[in-house]
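Mind looking at a prediction? Sequence and model below.
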Amino acid sequence: MNVLEVANVSKSYGGIVALNGCSLNVAEGQIAGLIGPNGSGKTTLFNVMTGYEKVDGGTVTFAGRPITNAKPDTIFGMGVGRTFQLTRIFPRLTVIENMHVAVQRQGMLGLLSRWSSSGEHQRALELLDFVGISRLKSLPAGNLSYGQKKLLEFAFILIANPKVILLDEPAGGVNPAMINVLAGRIRELNRQGITFLVVEHNMEFVMNLCHHVTVMHRGTPIAAGRPAEVRQNPAVLEAYLGD
C-alpha cells in the first residue's frame, strides 16, 4: 500500500520549471530515498507534499486522502512530519524548552503553560535520550553543534508520533559518527512502523539506508528501484556526470 502518492505534479516559479509532471509513490513501511543533482526539484517536491508550496497542477495523497495544497499544520496533524535543510528550532530556548513547544504546537505561547502532564515531559526526555542529546537538555539550542541541532529537530518531529517522516538533507554537514547514530535511529523507528522519505546528497548514506531510491532530474523522476539497480542505471550516471 502506498502511504504517499504524488501524481503528475507541476510547479513553476515564473519561467523556471521546478517540477514537471512529477509522480512518486512511497510504500508504507519503506525507507525511501530521493536523490538527484542540485536543482532537480527534490526540495520543491518535499515542499508541495507538506503544504509549504502550492502545486500548479497534479495531486498529492496521504493514506488515500487528498492533501493537495493543504496547509502545513493540517498535513502535520494527519501524521506527516518533516525536517528542513536549515534546521527550524528556537535557538534562544533550551533544548527541553524546544521540546515543550513541540508538545504544545502553539509556537511561543506554549511556554506560558507548564507541561500538561508528567508523561509528556518524560516522553520529551526519552526522545532526547533516543537521539543522544538528553545530556544537553538545559543548554540553549543555539549553543548546539550543527549535527546536534539536526538531532533536536528530529526529536521535535518525533514527539508528535508521525506515521511518515520526510527528512531533508539529514546527513548534510554532520560528522560521520553522528551520521551513523542517525541512520541507526531511522532504522529502529522504521522497525516500529514509521515510513521515511529521505532527500540526501550523501550517496553512501542513502544506498546503505534506503530500501527504494528514486532519482530526479529536471523536475521529474528518471529512475527508481533498489539501490543496487539505481547505481547501475545509465540515465542516473548521465544526470550526475553531465549531458
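Now that the structure is in, tell me what you want to look at. Given the structure is predicted, the values throughout are model-derived calculations rather than measurements.

mind checking the longest helix of this structure?
Criterion DSSP state H: the longest helix present in the chain is helix 176-191.

so how many other residues sit close to Pro37?
By other Cβ atoms under 10 Å, 16 other residues sit near Pro37. Heads up, the C-betas are built off the backbone N, CA and C, glycines and all.

List the contacts of it.
By Cβ atoms under 8 Å, 6 or more residues apart in numbering, the contact set of Pro37 is His217, Ala239, Tyr240.

chain center to the lowest-mean-pLDDT helix or strand in the chain, what's the gap?
Comparing helices and strands within the chain by mean pLDDT, DSSP states H and E singles out helix 234-241 as the least confident, with a mean of 74. Chain-centre distance of helix 234-241: 25 Å, with Cα atoms, centre = their mean, to the nearest Å.

what helices or strands is that helix leaning on?
Using 3 or more Cβ pairs under 8 Å, 6 or more residues apart in numbering; DSSP states H and E, the elements in contact with helix 234-241 are strand 212-217, strand 220-225.

So what are the sheet partners of the first one and their directions?
According to DSSP bridges, the neighbouring strands of strand 212-217, each with its direction, are strand 31-35 (parallel), strand 220-225 (antiparallel).

Just tell me which of those strands ends up closest to Arg191.
Ranking the strands paired with strand 212-217 by proximity to Arg191 (Cβ to Cβ) places strand 31-35 first, at 10.2 Å.

so which of the strands paired with strand 212-217 is the most packed in?
Comparing those by mean neighbour count (mean count of other Cβ atoms under 10 Å), strand 31-35 comes out on top with a mean of 25.

Now do that one against helix 176-191: the angle between them, please.
Here the directions of strand 31-35 and helix 176-191 differ by 130 degrees (axes from the mean of the first three to the mean of the last three Cα atoms, to 10 degrees).

in this protein, what spans have low per-residue confidence?
In the predicted model, the chain carries pLDDT under 70 at residues 103-118, 241-243.

What segments of it are helices?
42-49, 72-78, 95-104, 118-130, 146-158, 176-191, 203-209, 227-231, 234-241.

With distance to Glu169 and mean neighbour count as extra columns, can I get these in TSV?
Formatted as TSV, the helices of the chain follow (distance: least, Cβ to Cβ, whole Å; neighbours: other Cβ atoms under 10 Å):
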stretch	distance to Glu169	mean neighbour count
helix 42-49	8	24
helix 72-78	19	14
helix 95-104	20	21
helix 118-130	21	16
helix 146-158	9	22
helix 176-191	12	15
helix 203-209	10	17
helix 227-231	18	15
helix 234-241	17	13
